[in-house]
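Visitor: Sequence first, predicted coordinates after that:
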Amino acid sequence: MSLNFTSIALSIVVIVPKEAMEQHIAASPQVVCNELVSNIMQYEQQNQLGYYPALDFYIQNNVFEADLIDAVNNIAWVVTGMVRNEVKIKLRPAFSNIKFETIQPIAYTMPAVRPADPDKAEKLTEHFSLSTVKLNLIASLIQKVVDKQAAQSFAANIAHRWLKDSFDDVNITSTTVVG
């Protein structure tokens, strides 16, 4: 019986514990987030966009002061580095190979919040907190029998089980056998 390599693409969303962020970051992530949300809400109110764009829109339109942008970039850099290291350490024993495709804080995506939402401040604060990170990776398994469905389920279960103690929340959003 031969061994087969099965590559599985995993999309994972994790929330980094606040204590871990505060331990490694000079600027207060909460203060930075509150300032972001305040500026974003004020900009939308002045310009009546009807929606809240992704963070890059505000950066390109000079909505934030340079110091705030630097703080956001520094926090994002530290947090994504922490996530990369933790995922690599935790999942390396379970998979023969791990290749990171993307790692990005959810704050850089468009929030699913509308200006008319009564809970917009709370939802925007959650979205722009910089503690929620989405990562896409390809993990390889060595198997005796190639069963794509079982491989996907196994990879998702292993990833969740081995990461859940390191993060406040772990959500496996998708798994797909590659190749």
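Guide: Nice, thanks for sending it over.
Visitor: distance of the residue nearest the centre of the chain from Val63?
Guide: With distances taken as CA atoms, centre = their mean, Val133 lies nearest the centre of the chain, 1.3 Å away. Relative to Val63, Val133 is positioned 23 Å away (CB to CB, to the nearest Å). C-beta: built from backbone N, CA, C; applies to glycine.
Visitor: what is the mean pLDDT for the longest helix along the chain?
Guide: For the chain, the longest helix by residue count, based on DSSP state H, is helix 66-91. Helix 66-91 carries an average pLDDT of 95.
Visitor: which residues in the protein form helices?
Guide: For the chain, the helices defined by DSSP H occupy 18-24, 29-47, 55-60, 66-91, 120-127, 148-163.
Visitor: Show me how far the first one is from its chain's centre.
Guide: For helix 18-24, the separation from the chain centroid amounts to 16 Å (computed by CA atoms, centre = their mean, to the nearest Å).
Visitor: Could you export the helices of the chain as a markdown table, including distance to Asn171 and mean neighbour count?
Guide: Formatted as a markdown table, those follow (distance: least, CB to CB, whole Å; neighbours: other CB atoms under 10 Å):
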| stretch | distance to Asn171 | mean neighbour count |
| --- | --- | --- |
| helix 18-24 | 18 | 13 |
| helix 29-47 | 20 | 16 |
| helix 55-60 | 21 | 16 |
| helix 66-91 | 13 | 17 |
| helix 120-127 | 14 | 18 |
| helix 148-163 | 8 | 16 |
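Visitor: Can you lay out these as a markdown table showing distance to Met110?
Guide: Below are those laid out as a markdown table (distance: least, CB to CB, whole Å):
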| stretch | distance to Met110 |
| --- | --- |
| helix 18-24 | 23 |
| helix 29-47 | 12 |
| helix 55-60 | 9 |
| helix 66-91 | 16 |
| helix 120-127 | 9 |
| helix 148-163 | 26 |
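Visitor: Leu137: neighbouring residues, count only.
Guide: By other CB atoms under 10 Å, 21 other residues sit near Leu137.
Visitor: residue contacts, it?
Guide: By CB atoms under 8 Å, 6 or more residues apart in numbering, Leu137 lies in contact with 9-10, 12, 87, 98-101.
Visitor: what packs against the worst-scoring helix or strand of the chain on mean pLDDT?
Guide: Every helix and strand of the chain was ranked by mean pLDDT, DSSP states H and E. The lowest is helix 18-24, at a mean of 86. When contacts are defined as 3 or more CB pairs under 8 Å, 6 or more residues apart in numbering; DSSP states H and E, helix 18-24 packs onto helix 29-47, helix 66-91.
Visitor: Many thanks, have a good one.
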